[in-house]
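Peer 1: generate coordinates for the sequence data below:
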Amino acid sequence: MTTMAPPAEQADALRRAGLRVTAQRVAVLESLAAHPHAAVDALHADVLERIPGIALQTVHGVVNDLTAAGIAQRVSLPGAPSALYEIAARDNHHHIQCVECGRVEDVPCAVGEAPCLQPSHGHGMRVIEATVTFRAICSDCERNSPA
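Peer 2: Prediction:
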């Protein structure tokens, strides 16, 4: 899980990205740090506890700003009802997703440095990222599954 940076570090990250520091942006960053792989709806519910009345559309806007600035990244997984977001680690990690409950966890790069996978033929393109999603059944779902 991503560690939550102190508000001063979050403010610095926003400034370095050329974004204005606002309570909404800091709150969404705190929520992303505490809840990696979260949908915007979940981020909104979390931020709403700290900033009563914040609109869902505002959280969408903040997430879009953070993603465009490279502070956050979108995680699109098969079967997920919506995109998920996490703080951009810039480490080319992968994800493992439970096909029953949808739980998502980070998995370190399969081998070596980014990109850790090379296609058999690059078609003249330089690979900058390899994305792998491992689909699985978590131990909780396996345990609760009817025999």
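
Peer 1: got the contact list for the most centrally placed residue in the chain?
Peer 2: Centroid check for the chain by C-alpha atoms, centre = their mean gives E86 as the closest residue, at 1.8 Å. Contact analysis of E86 by C-beta atoms under 8 Å, 6 or more residues apart in numbering lists 2, 32, 36-38, 72-73, 75. C-beta: built from backbone N, CA, C; applies to glycine.

Peer 1: format the residues you listed as CSV; extra columns: secondary structure.
Peer 2: CSV is the format used below for the contacts of E86 (DSSP: H, G, I helix; E, B strand; the rest coil):
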residue, secondary structure
T2, coil
L32, helix
P36, coil
H37, coil
A38, strand
A72, strand
Q73, strand
V75, strand
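
Peer 1: and those, which of them are buried?
Peer 2: Among the contacts of E86, those that count as buried by neighbour count (16 or more other C-beta atoms under 10 Å) are 32, 36-38, 72, 75.

Peer 1: how is this protein divided into domains?
Peer 2: Here the domain parsing of the chain from automatic domain parsing is 7-75, 91-144.

Peer 1: which stretch in those domains has the least confidence?
Peer 2: Ranked by mean pLDDT, the domains of the chain end with domain 91-144 in last place, scoring a mean of 80.

Peer 1: about what we covered before: three-state assignment of the residue nearest to the centre of the chain?
Peer 2: Secondary structure, three-state DSSP: E86 is strand.

Peer 1: what pLDDT is listed against it?
Peer 2: So, for E86, pLDDT stands at 94.

Peer 1: from G102, how far off is it?
Peer 2: As for E86, its distance to G102 is 15 Å (criterion: C-beta to C-beta, to the nearest Å).

Peer 1: same deal with P108?
Peer 2: Counting by C-beta to C-beta, the gap from P108 to G102 is 21 Å.

Peer 1: who has more neighbours, those two?
Peer 2: Neighbour tally, P108 and G102, criterion other C-beta atoms under 10 Å: the higher count belongs to G102, 16 against 10.

Peer 1: for the more buried one, which non-adjacent residue is spatially closest?
Peer 2: Leaving aside its chain neighbours, G102 sits nearest to A80 (6.7 Å; criterion: C-beta to C-beta, 6 or more residues apart in numbering).
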